[in-house]
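Visitor: Mind folding the following:
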Amino acid sequence: MVYNKEFFKNFILRLIPMFEEHRDHLSKLDSDIGDGDHGVNMSIGFREVSKQLDKIYEETEDIASFYKKVGMIILGKVGGAAGPLYGSLFMKAGDDVKGKNELNFSELVGFIDNGVKAIEARGKAVVGDKTMVDALRPAVDKLKEAAESGKDDLESFEAFVEELKAGSDRTIPLIAKKGRAMRLGERAIGFRDPGSFSSYLIYEEMLKEMKNA
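Guide: This next block holds a predicted model:
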């Protein structure tokens, strides 16, 4: 499969209603261990993306610049820690594919990995800290292994999304070492990190678009 600029636009279009649908659930997860506004903030950010999407799609020349513009909107409109983290994910993903309007699967994997590296750098979190990195890093590493072994794109991405969900599940018994949840100590045990779940939801939508392409 080839992943072109239109594929990424359609993927972003899927995120807009998804964050509306899951707004209250994500905010409930956040209210358990944080400020309680993760779902609301993400929905506000993607409403703004919706308003500007056609314009930035037309004005940008390649996938990297298009994705970067989306990230800049998220950075500016999404409150809390999610704005800088998800803004970084979108803004840095295309660093290795500037000038390209089509990506092969290996390039798509690198694209996703670059975004996750940006989150790790921005949040200074590692696996075990009870953050979105607990979902993203193991899943991306699994995706890279699948790509290098030459497995089918769709099969590899399905396994990636399954690992994202498993990584989010693994945050439940952890003590938080980053963010607002850190102040709770052992009281954070038993609650899911909301960013890990929104990470899973994001790439579940990319999988749906892959199946639709």
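Visitor: Buried residues, the helix or strand of the chain with the lowest mean pLDDT. List them.
Guide: Ranked by mean pLDDT, DSSP states H and E, the helix or strand of the chain with the weakest confidence is helix 23-33, at a mean of 93. Within helix 23-33, the residues that count as buried by 16 or more other CB atoms under 10 Å are 23, 26-27, 29-30, 32-33. To be clear about C-beta, it is placed using only N, CA and C from the backbone, and glycine gets the same treatment.
Visitor: quick one: low-confidence parts of the chain?
Guide: The chain contains no residues with pLDDT under 70.
Visitor: ok, which stretches of it are strands?
Guide: All strands of the chain, identified by DSSP state E, fall at 3-4, 102-103.
Visitor: Mind putting the ones you listed into TSV with distance to residue 121?
Guide: Converted to TSV, those look like this (distance: least, CB to CB, whole Å):
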stretch	distance to residue 121
strand 3-4	24
strand 102-103	22
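Visitor: For residue 205, which of those is the nearest?
Guide: For the strands of the chain, the distance to residue 205 is smallest for strand 3-4, at 14.0 Å, taking CB to CB.
Visitor: Touching that closest one from outside, list them.
Guide: 63, 101-105, 107-108, 213 (CB atoms under 8 Å, 6 or more residues apart in numbering).
Visitor: So in that sheet, which strands flank that strand, and in what orientation?
Guide: Paired neighbours of strand 3-4 in the sheet (DSSP bridges): strand 102-103 (antiparallel).
Visitor: Pull the distance from the strand it pairs with to the chain's centre.
Guide: 19 Å (CA atoms, centre = their mean, to the nearest Å).
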